[in-house]
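Engineer: Could you work out the structure for the sequence below:
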Amino acid sequence: METIQFIHSGWAYIVLLVLIIATVNALIKFFGNKEYGALDFRLALFSLITMHIQLLIGIILFFTKGYFDEMSVGEVMKNDSIRKLAVEHPTLMIIAVALVTIGYSKHKKKLVSKPKFKLLSIFYSIALIAVLYMIPWNQWLS
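Structural biologist: Numbers count the residues shown, from 1 in each chain. Alright, predicted model coming up:
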C-alpha cells in the first residue's frame, strides 16, 4: 500500500505539470487567436492520459487504504481530515477527470481553432482549479 501511495503522490506532480501546461497553452492561444496544431493536440491528449492514469492509481489506493474497514461511514464523515481524504478528494478528482475528458472529447468535434481552444480553456481550467483545491497540501509538501 505504501508503494501505491508513493506512486500516486509522485505521478501527481506529472499530472499537475501537464494539466497546467495544457491549460495555459489553451488560454494563451484562445486569447491570442492562434491556430490549433499538432502540439496543442498532444498537450490536450497527454493531459487526458495522465489524469486517467492517476485516476486508476487513485482507485487502487482507495480500495487498499481501507478507510471504511475500520470506521463506519458516520465516523469517517465526522472526522474532517479523514473525510477529506476518503470522500471529498476522490469525488472532486473524479469530477476533474470527467471535466478533462468532456473538454477533450468536445474539442475534437470542432473544426476551427478558436472553438477548440475555448472548450479546452473552459474545461481544463475548471479541472485545474478542482485539482489544486483538492490536493492534500499538508501531506504533499511535508
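
Engineer: contacting residues around Ile60?
Structural biologist: Ile4 (C-beta atoms under 8 Å, 6 or more residues apart in numbering). Quick note: C-beta positions are derived from backbone N, CA and C, even for glycine.

Engineer: again, but for the one 4 residues further on
Structural biologist: With C-beta under 8 Å, 6+ apart as the criterion, the residues that contact Thr64 are Met1, Ile4.

Engineer: how far does whichever strand or helix holds it sit from the chain's center?
Structural biologist: Element membership of Thr64, judged by DSSP states H and E, is helix 38-65. The chain centre lies 7 Å from the centre of helix 38-65; the measure is C-alpha atoms, centre = their mean, to the nearest Å.

Engineer: Name the residues of that helix that are buried.
Structural biologist: 40, 43-44, 47-48, 50-51, 54-55, 57-58, 61-62 (16 or more other C-beta atoms under 10 Å).

Engineer: which element follows that helix toward the C-terminus?
Structural biologist: Following helix 38-65 in sequence order, the next helix or strand is helix 67-70 (DSSP H and E).

Engineer: where in the chain is pLDDT low?
Structural biologist: For the chain, the stretches flagged by pLDDT under 70 are 140-142.

Engineer: list the buried ones in the longest helix along it?
Structural biologist: Longest helix in the chain, counting residues (DSSP state H): helix 2-31. Of the residues in helix 2-31, 4, 8, 11-12, 15-16, 18-19, 22-23, 25-27, 29-30 count as buried by neighbour count, 16+ other C-beta under 10 Å.

Engineer: Understood, closing this out.
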